[in-house]
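> generate coordinates for the sequence data below:
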Amino acid sequence: MTDAPLDWLEKHIGFEVFKSSLDQLKDVIQNWELDKIPKEKVISIVGTNGKGQVTHELARQLKSNGFNVFTFTSPHQIKLSERFQFNGQPIGDEEMLSLFETVHKKLSQEEARLSFFEFLYVVFLQWVTESDKEFDYVLFEAGLGGRLDATKCIEAHLVILTSIGRDHMSILGHSLKQILLEKLGILYPGNLLVYNLQLKSLKKILYEYTSTHLVKTAFVPSDIGSDFYNRNNNLVRYVVTKEFGKNYFESEQSPLREISWRNKNIYFNSAHNLDGVRNLFQLLNGNSYNRSGTNIKYWDMILLAFSNRSTEELKSMVKLIESYPCLYNKIKVVIFDHPRALSFLQAKDVFKNIEVEKLESIQFAQKENVLLLGSNYIIKSLASLSSTV
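A predicted model of the protein is given here:
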């Protein structure tokens, strides 16, 4: 499967890297007058896990209530165009490429260099501001953190915080406090922050920060023992019913995405860090297992497709999965082709007692229940191996 916009982007801009300053991006946005979206129409979603679920579910709920909605999300699963959507439909490849060319030419004339993510963000803003589509809301899913994330450049009136966990620690910090403060850095005075953090220590930090920065807050409680996915949907329910006064339609999302690979249906979840894996296995092991979108209680094979992460985190994720022996028969680490994927040699070095196999070599019986976990980037690799997703 070809992806012309992604090929263009990697050729002209490069791969995704983090930048420690928003100054140049802010100058571009202001000089090009891309900051004219009224903040009353802007909603930002930040957090370690659950951002994508909340963003897509909120967009669906708003559309079901008659609103027109632009969404900016990351990462994509199959095609780059998934990141730009209007009312749930992705931008066309030709339109995206045309915007790429226009923005790139303008940036070159000004000798401005943006990162992969910043470039996409500017292109998205260009798409929204130039569009003849009438819209009511624009949803921005933050890419990394908040304080230095590109999506901070357009102020939102409402910010949703999904969760705080240890991920991207080399950039965001090694403590939950540091990570939370980086996420909260997206806020402006007068914003409303909707959240459902569970830890009292984090709620205290959040209260102190928002009080100092004149941010209004709304805590969304969840039932004791409720799973991660239900807590995320409760955030959406609160925003739709309490802040907008609209109807909430029961969620159609499933934590497990069913995909067809080699003429067989398998299930995928993008749990790619320790907290994400923990949340998923608590769900699969609990009474609410049917919320996963399947009644499967036992997996013949769990395939782990990791990006290049620390040895400690990789081992911790596997150790956590191994603490649920009642849920599976066999684990394999899958190696796939992507610049940010874990290499075969790295995997063999880290996982001494687990089979490591390249994606194209994976075999399973038609009757086996297979669960694939990890990086979203593996979905494109599946598709490129003559798969139907």
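> tell me, how many residues neighbour residue 4?
Neighbourhood size, residue 4 [other Cβ atoms under 10 Å]: 15. Every C-beta, even on glycine, is put in place using the N, C-alpha and C of the backbone.
> how much space separates it from residue 238?
40 Å (Cβ to Cβ, to the nearest Å).
> would you map the helices across the protein?
4-12, 23-31, 51-64, 93-109, 116-130, 169-172, 176-184, 200-212, 228-238, 274-285, 311-322, 344-350, 378-384 (DSSP state H).
> so which of the ones you listed comes closest to residue 305?
Residue 305 lies closest, by Cβ to Cβ, to one member of the helices of the chain: helix 378-384, at 4.1 Å.
> residue 281 contacts residue 321, correct?
Yes: using Cβ atoms under 8 Å, residue 281 is in contact with residue 321, at 6.5 Å.
> need the contact list for the most centrally placed residue in the chain.
Most central in the chain under Cα atoms, centre = their mean is residue 52, positioned 4.1 Å from the mean C-alpha point. By Cβ atoms under 8 Å, 6 or more residues apart in numbering, the residues touching residue 52 are 73, 141, 270.
> at 7 Å what do you get?
73, 141 (Cβ atoms under 7 Å, 6 or more residues apart in numbering).
> and the lowest mean pLDDT element among the helices and strands of this structure?
helix 169-172 (a mean of 61; mean pLDDT, DSSP states H and E).
> ok, now how distant is the residue sitting furthest away from the middle of the chain from residue 32?
What lies farthest from the middle of the chain is residue 109; by Cα atoms, centre = their mean that is 32.8 Å. Applying Cβ to Cβ, the value for residue 109 to residue 32 is 12 Å.
> same deal with residue 328?
51 Å.
> likewise for residue 128?
12 Å.
> residue 64 too?
33 Å.
> what about those two, which has more around it?
Counted by other Cβ under 10 Å, residue 64 and residue 32 do not tie: residue 32 has more neighbours, with 16 against 13.
> where does the stretch 201-350 of the chain dip in pLDDT?
Applying pLDDT under 70 to the stretch 201-350 of the chain picks out residues 224-226, 252, 287-294.
> let me see the domain layout of the protein.
Under the assignment automatic domain parsing, the domains of the chain span 4-243, 257-384.
> related to what we said a few turns ago, of all the helices of the chain, which one comes closest to residue 265?
Among those, helix 378-384 sits nearest to residue 265 (Cβ to Cβ), with 12.5 Å.
> need the contact list for residue 74.
83, 141, 143.
> repeat that for residue 366.
By Cβ under 7 Å, 6+ apart, the neighbours of residue 366 are residue 264.
> again, but for residue 347
Counted by Cβ under 7 Å, 6+ apart, residue 347 has contacts 333, 335, 356.
> so the last one is in contact with residue 350, correct?
Yep, that's residue 356 we're talking about. No: at 8.9 Å, residue 356 and residue 350 do not qualify as touching, with contact defined as Cβ atoms under 7 Å.
> first vs last residue of stretch 304-311, how far apart are they?
15 Å (Cα to Cα, to the nearest Å).
> stretch 144-152 too?
OK, stretch 144-152 end separation, Cα to Cα: 11 Å.
> that stretch: which residues count as buried?
144, 145, 146, 148, 149, 150, 151, 152 (16 or more other Cβ atoms under 10 Å).
> re the thing from before, to residue 246, which of the helices of the chain lies closest?
Nearest of the helices of the chain (Cβ to Cβ): helix 51-64, 7.6 Å.
> in the stretch 251-389 of the chain, which spans are strands?
257-261, 264-269, 299-305, 328-335, 355-358, 370-374 (DSSP state E, counting those that start in this stretch).
> now, of those strands, which is deepest in the fold?
Stretch with highest mean neighbour count among the strands of the stretch 251-389 of the chain: strand 370-374 (a mean of 24; mean count of other Cβ atoms under 10 Å).
> what helices and strands are in contact with that one?
strand 264-269, strand 299-305 (3 or more Cβ pairs under 7 Å, 6 or more residues apart in numbering; DSSP states H and E).
> the first one: partners in the sheet, and parallel or antiparallel?
Read it as strand 264-269. strand 257-261 (antiparallel), strand 370-374 (parallel) (DSSP bridges).
> repeat that for the longest one.
Neighbouring strands of strand 299-305 in its sheet, by DSSP bridges, are strand 328-335 (parallel), strand 370-374 (parallel).
> I'm done for today, thanks for sticking with me.
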